[in-house]
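K.L.:
Sequence and predicted structure, then a few things I'm wondering about:
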Amino acid sequence: MTLFPQHREVRPEILDSLPQDHPDALRNRRDLRLINLLMGNFRWIGRNLANAVTSNETGLEIGAGDGWLGHHLRKRKRLPSTVRIDGLDLWERPSHWPKTWGWRREDITAFSDFGRYDFVLANLILHQFEDRELREIGRSLRTGPRLILACEPCRRPLHLKQFRLLKPFHLNRVSWHDGQVSIRAGFRGDELPRLLGLEEEHWNIRCGSSFLGAFRMVAVRR
């Protein structure tokens, strides 16, 4: 690895090259549950949704992966029972994804149906895209939801040091590699809303970061 980057450094992640049922991919999912727990991502998303979403609204989780976030939100009853969330990912629909919710197996960069959703969730996914790809995703996003919640890695040397403290947990080789790559591709300040083209004229935007390495963005359409 090179010196810690001042600007985003997006590199390929091993997980993206593995089949969904590969043993290393399965181990990585287990590790990601631990990482999400430590970062507090699911709790943060759940609290913000509970305060912002009303009955009968429909949301979309981009890069829903193994579906664990949706499973958590439904199991912990963070949402009104009439709220529905669709998952968007290239992977097949997970068996524990709530039965009454939809699943769209499509490429995020080619997705253009954001207009049908009231809110969009992004958890540890947007950092994987180059700046130009984020601008394209932003163009589509701006046509749709009134609320965007994003939880991504924060790009600071401290968080790379914190991640390396997880060695005693015996992270899988994919998790160990991809976690460090993800931090180097993460966000600081107003980088994410700026790259997505979310202008303050049209959006109320709040960004912040946590001590344990989460970059968080709440964007509400004016």
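P.N.:
Structure received.
K.L.:
For this protein, just list every one of the helices.
P.N.:
With DSSP state H applied, the chain shows helices at 23-39, 41-52, 68-75, 131-141, 157-164, 173-184, 191-196, listed in chain order.
K.L.:
Let's have these in a markdown table, adding mean pLDDT and mean neighbour count.
P.N.:
(Each C-beta comes from the backbone N, C-alpha and C, glycine too.) Shown next, in a markdown table, are those (pLDDT from 0 to 100; neighbours: other CB atoms under 10 Å):
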| stretch | mean pLDDT | mean neighbour count |
| --- | --- | --- |
| helix 23-39 | 94 | 17 |
| helix 41-52 | 94 | 17 |
| helix 68-75 | 93 | 19 |
| helix 131-141 | 95 | 17 |
| helix 157-164 | 95 | 16 |
| helix 173-184 | 96 | 21 |
| helix 191-196 | 98 | 22 |
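K.L.:
Mind putting these into TSV with distance to L88?
P.N.:
What follows is those, written out as TSV (distance: least, CB to CB, whole Å):
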stretch	distance to L88
helix 23-39	17
helix 41-52	16
helix 68-75	11
helix 131-141	11
helix 157-164	27
helix 173-184	19
helix 191-196	16
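K.L.:
Which of these sits closest to A214?
P.N.:
Within the helices of the chain, the stretch nearest A214 is helix 23-39; the backing value is 4.6 Å (CB to CB).
K.L.:
For the closest one, which helices and strands make contact with it?
P.N.:
In this structure, helix 23-39 makes packing contacts with helix 68-75, helix 173-184, judged by 3 or more CB pairs under 8 Å, 6 or more residues apart in numbering; DSSP states H and E.
K.L.:
For those helices, give me TSV that also has distance to L192.
P.N.:
Compiled in TSV, these are given as follows (distance: least, CB to CB, whole Å):
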stretch	distance to L192
helix 68-75	18
helix 173-184	14
